[in-house]
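K.L.:
just the structure for this:
(chains A and B)
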Amino acid sequence: MSAVAKRLQSELMSLMMAGDDDASAFPSEDNLFEWSATIRGSKGTVYEDLCYELSMSFNDEYPYKAPKIMFRTPCFHPNVDEHGNICLDILKEKWSAAYSVLSILQSLRSLLSDPNPDSPLNQVAANLWQDQTQYKKELLTRNAAAVVSSR
Amino acid sequence: MQLPFAGADSRDSRFECNICLDHVNEPVVTRCGHLFCWPCLYRWLNTNHTECPVCKAGVSCDNVIPLYGRGQDPVDPRTKTVDRSAENIPERPTAERPRAERPRGVFGEGFGFGGGGGGGANEFAQGGMTITAGFGFFPSLFALQFQRFTSAPAGAQAPADSEDAAQQAMLSRILLALGTFVVACLLLF
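P.N.:
Numbering: from 1, shown residues only, chains lettered A, B, ... in the order given. Predicted structure coming up:
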């Protein structure tokens, strides 16, 4: 087994042992390098109880290079674009080999409730963020639309 | 997707590499205290990184400390995750070997026994201790004086001890004055 596969196996093990309801991830049936993950918005934030599905794609250079992560569920957020691309420093230049699937998912959960206004990928969401009541309304409308369209 | 092997939860993660999450192979520890396999850390530092993957403290190949456990690495070389020759990974840096500090107490006590003559010899040993403390700065100078002086009471009789002690005390004062003078010279010029 390659070093990357071994590390992914050991991450899977610790994820399963952690049994976190708010952040979970599992490899696809036939490929250990392609994972799908689910995160739930933190309590007390506008994203509370909203669940998002993500894809994580690892390559041979993991963990020296960050995995490629995208939102599969449409996500209305200042740092997520309409294709699901995420702007998060730790997935780019601030990546560290000591980060793991779990730490990435935790960072994404905190990104949801704490966006970085300096580099918005979604200008509409970024502008709306100031008004949390209005933002929540817009978020729930878009979320409902996304759920309907995915059916 | 197969399930991970059974019994995995019994593993002790305290001694796992922070990069490969496996038991450390050729362990090194950074100055900030984080444990890695040498091949893992070397590869990280050779992909344009100069910081610790865990805490972002500065790390370079030269300032890590190798850990030498007891016995041989129990890992079968065939299962090693990184092929050293393919990746061009050099040997681990060697450890520093600071000089052992000279224990003071042992010196005085040993001398007391050497004198062989009851209370006087012990007092004398005490005197020796005082000098050691006072002249720690000048080990070579002190050692010279001390050596010369110790030879005398070794063969001396008990009555001579008190005289020796007085002599010793005076000598210590002279040496203290001399030492102070040298320090003053060093500070002033």
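K.L.:
how about the residues of chain A by chain B?
P.N.:
A:2-3, A:6-7, A:9-13, A:16-17, A:26-30, A:32, A:63-64, A:96-100 (C-beta under 8 Å from any C-beta of the partner chain). (Each C-beta comes from the backbone N, C-alpha and C, glycine too.)
K.L.:
and with 6 Å instead?
P.N.:
When proximity is defined as C-beta under 6 Å from any C-beta of the partner chain, chain A approaches chain B at A:3, A:7, A:9-10, A:13, A:27, A:29, A:64, A:96-98.
K.L.:
buried subset of the residues you listed?
P.N.:
A:3, A:7, A:9-10, A:13, A:27, A:64, A:96-98 (16 or more other C-beta atoms under 10 Å in any protein chain shown).
K.L.:
thinking again about what came up before, next, give me the two most distant ones among the residues of chain A next to chain B.
P.N.:
Distance extremes for those: the farthest pair is A:Glu29 and A:Ser96 at 29.7 Å, using C-beta to C-beta.
K.L.:
just the buried ones among the residues of chain A next to chain B: which are in strands?
P.N.:
A:Pro27 (DSSP state E).
K.L.:
now the helices for chain A?
P.N.:
Taking DSSP state H, the helices of chain A run over residues A:3-18, A:101-113, A:123-128, A:132-150.
K.L.:
could you do chain B as well?
P.N.:
B:38-45, B:84-87, B:104-115, B:118-134, B:139-155, B:160-188.
K.L.:
check those for me: which has the lowest mean pLDDT.
P.N.:
When these are compared by mean pLDDT, helix B:118-134 comes last with a mean of 43.
K.L.:
that older thread, can you tell me which of the helices of chain A has the worst average pLDDT?
P.N.:
Among those, helix A:132-150 scores lowest, at a mean of 85.
K.L.:
what lies in contact with that helix?
P.N.:
Applying C-beta atoms under 6 Å, 6 or more residues apart in numbering or on different chains, the contact partners of helix A:132-150 are A:46, A:74, A:76, A:128-129.
K.L.:
who wins for neighbours among the residues you listed?
P.N.:
A:Phe76 (22 neighbours; other C-beta atoms under 10 Å in any protein chain shown).
K.L.:
let's have the contacts of helix A:132-150 in TSV, adding distance to A:Leu121.
P.N.:
Converted to TSV, the contacts of helix A:132-150 look like this (distance: C-beta to C-beta, whole Å):
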residue	distance to A:Leu121
A:Val46	18
A:Pro74	13
A:Phe76	11
A:Leu128	14
A:Trp129	13
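K.L.:
looking at the residues you listed, which is nearest chain B?
P.N.:
Nearest to chain B among the contacts of helix A:132-150 is A:Pro74, at 27.1 Å by C-beta to the nearest C-beta.
K.L.:
the closest residue in space to the closest one that isn't next to it in sequence: neighbour count?
P.N.:
Distance criterion C-beta to C-beta, 6 or more residues apart in numbering or on different chains; nearest residue to A:Pro74, sequence neighbours excluded, is A:Ala146 at 4.3 Å. Using other C-beta under 10 Å, A:Ala146 has 14 other residues around it.
K.L.:
residue closest to the middle of chain A?
P.N.:
With distances taken as C-alpha atoms, centre = their mean, the residue of chain A nearest its centroid is A:Leu108 (4.7 Å).
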